[in-house]
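[1] how would this look folded up:
(one chain, ligands or ions: 2)
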Amino acid sequence: MFRYELIGTDGGARRGVFHTPRGPVRTPGFMPVGTLGTVKGLTIDQVAATGADMILGNTYHLRLRPGHETVAALGGLHKMCGWDGPILTDSGGFQVFSLGAINKVTEHAATFRSHIDGAKIELTPEHSIEIQQALGSDVAMVLDHVIALPAPMTQVEDALARSIRWAARCRDAADRQDQALFAIVQGGLDRTLRQQCATELAAMPFEGYAVGGLSVGEPPEDMYTTTGFTTPHLPADKPRYLMGVGTPRDLLENIARGIDLFDCVMPTRNGRNALAFTDEGAIKLRNAVHKLDTRPLMEDCPCLACRHSRGYLRHLFVAGEMLGPILLSHHNLMYYGRLMQQTRDAIEAGQFETFKNAKLAGWGHEPF
Ligand SMILES: CNc1nc2c(CCNCc3ccccc3)c3nc(N)[nH]c(=O)c3cc2[nH]1
Ligand SMILES: [Zn+2]
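    Ligands and ions are numbered 1, 2, ... in the order given. Modelled structure (predicted):
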């Protein structure tokens, strides 16, 4: 049902395919984030055109609205959204700790109040699996205890130990052959804790392994270092997914350290906010400098935005037209999708290091 095929490596970078019942996922790969069963502003066909093989659904949001039973009644997430490729759902752990109205964590559950109607919800490992099974995703994530950094070591250790116990409870509760379960490594920025956590989870039977607890406010260099000393302790024959990451630079730096899959709201959220990703770095389209610019964002880009001028795109944002965010979200997802395609080709050609350095030089040193 689920199998990771390693095609080749180039330094620390891996080229592979994650085979699923709903089709193959080429790696390295980027997964667009669809929070409420939609990648905001885009039809599912427009998302498919960007080269995405797998998209993300969100357990926390869908549990609250329309409710996982409603999604099940509508035929599940695939049928509801019209996407017949693989879907990965997060467990809700991160959203509870970052979005949920103040929550309480006990050994039993993460309890929070719905940010929609204030209802008290008890998210246990078992309930998270139940929700993800009702949504019908192809890949489910274990429920983990995510803490914001910086944090005292005792708190990092406590959340790590709870996350391992919750992973075991999720493993016991997940009984569907057609739904993979990925574990999530925690441990803050600490080498010893990260290696211990990775080793312990690698000894349990999961179809994939995520590196969690990063992109939570730490400096990018600390993220890269942490990924670098965590991936060697994960099984080489399973996919590795770095959660919530990141900028184009983050993707290449972490691919160099053995990561296969990514998800991030940056391309779509920044697209809605008039920030375009290009090989020359980020472009703020509301800037007056673009007013009379007849060039597309990128000459060779096949997206819906690049058949127009930068001047027109700027006008749409300045005028508050809904087409602006739609076009730019499509461009940014196309940029990420093409970057991953170019990366897969570079690894196969044994040119990844040269490719990465050329991209970093083009982007310049001002962060996206
Ligand atoms: C942005 N930085 C970041 N995101 C993280 C996430 C959420 C990943 N994105 C899921 C999503 C799915 C659909 C819609 C929106 C988001 C994490 N999830 C879990 N379970 N554990 C983490 O440690 C963890 C760490 C993260 N850091
Ligand atoms: Zn474009």
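
[2] ok, now how distant is the residue positioned nearest the centre of the chain from residue 153?
    A centroid search over the chain (CA atoms, centre = their mean) returns residue 263, at 1.4 Å, as the residue closest to the centre. According to CB to CB, to the nearest Å, residue 263 stands 28 Å off from residue 153. Backbone N, C-alpha and C define where each C-beta goes, glycine included.

[3] next: residue 217.
    Going from residue 217 to residue 153 by CB to CB gives 17 Å.

[4] same check, this time on residue 226
    15 Å.

[5] and the protein, which residues reach ligand 2?
    301, 303, 305, 306, 331 (CB under 5 Å from the ion).

[6] 8 Å instead?
    Neighbours of ligand 2 within the chain, by CB under 8 Å from the ion: 276, 296-298, 301-306, 330-331, 334-335.

[7] now do the contacts for residue 55.
    Contact analysis of residue 55 by CB atoms under 8 Å, 6 or more residues apart in numbering lists 31, 32, 33, 34, 39, 47, 83, 85, 87, 88.

[8] now residue 116
    If you count contacts by CB under 8 Å, 6+ apart, then residue 116 has 64, 65 around it.

[9] doesn't it lie inside a helix?
    No: counting by DSSP: H, G, I helix; E, B strand; the rest coil, residue 116 is not part of a helix but coil.

[10] okay, and for the stretch 1-150 of the chain, where does confidence drop off?
    99-102 (pLDDT under 70).

[11] the residue in it positioned nearest to ligand 2 - how many residues pack around it?
    The minimum distance from the stretch 1-150 of the chain to ligand 2, using CB to the ion, falls at residue 50 (9.8 Å). For residue 50, the number of neighbouring residues by other CB atoms under 10 Å comes to 24.

[12] could you look up the SS state of residue 5?
    strand.

[13] quick check: bridge partners of it?
    residue 17 (DSSP bridges).

[14] roughly how far does it sit from residue 345?
    Taking CB to CB, one finds residue 5 at 17 Å from residue 345.

[15] where do the strands sit along the stretch 151-300 of the chain?
    Using DSSP state E, counting those that start in this stretch, the strands found in the stretch 151-300 of the chain span residues 180-185, 208-211, 240-242, 261-263, 275-278, 281-284.

[16] which of the residues of the chain next to ligand 2 fall within strands?
    Counting by DSSP state E, the residues of the chain next to ligand 2 place residue 276 in strands.

[17] give me the PyMOL select line for the residues of the chain next to ligand 2, limited to the buried ones.
    Applied in PyMOL, the following selects the buried portion of the residues of the chain next to ligand 2 according to 16 or more other CB atoms under 10 Å:
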select buried, resi 276+296+297+298+301+303+304+305+306+330+331+334+335
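
[18] pLDDT wise, what is residue 335 at?
    Listed pLDDT for residue 335 reads 98.

[19] give me the nearest residue to it, chain neighbours excluded.
    Spatially, and ignoring its direct neighbours in sequence, residue 335 is nearest to residue 277 (4.4 Å; CB to CB, 6 or more residues apart in numbering).
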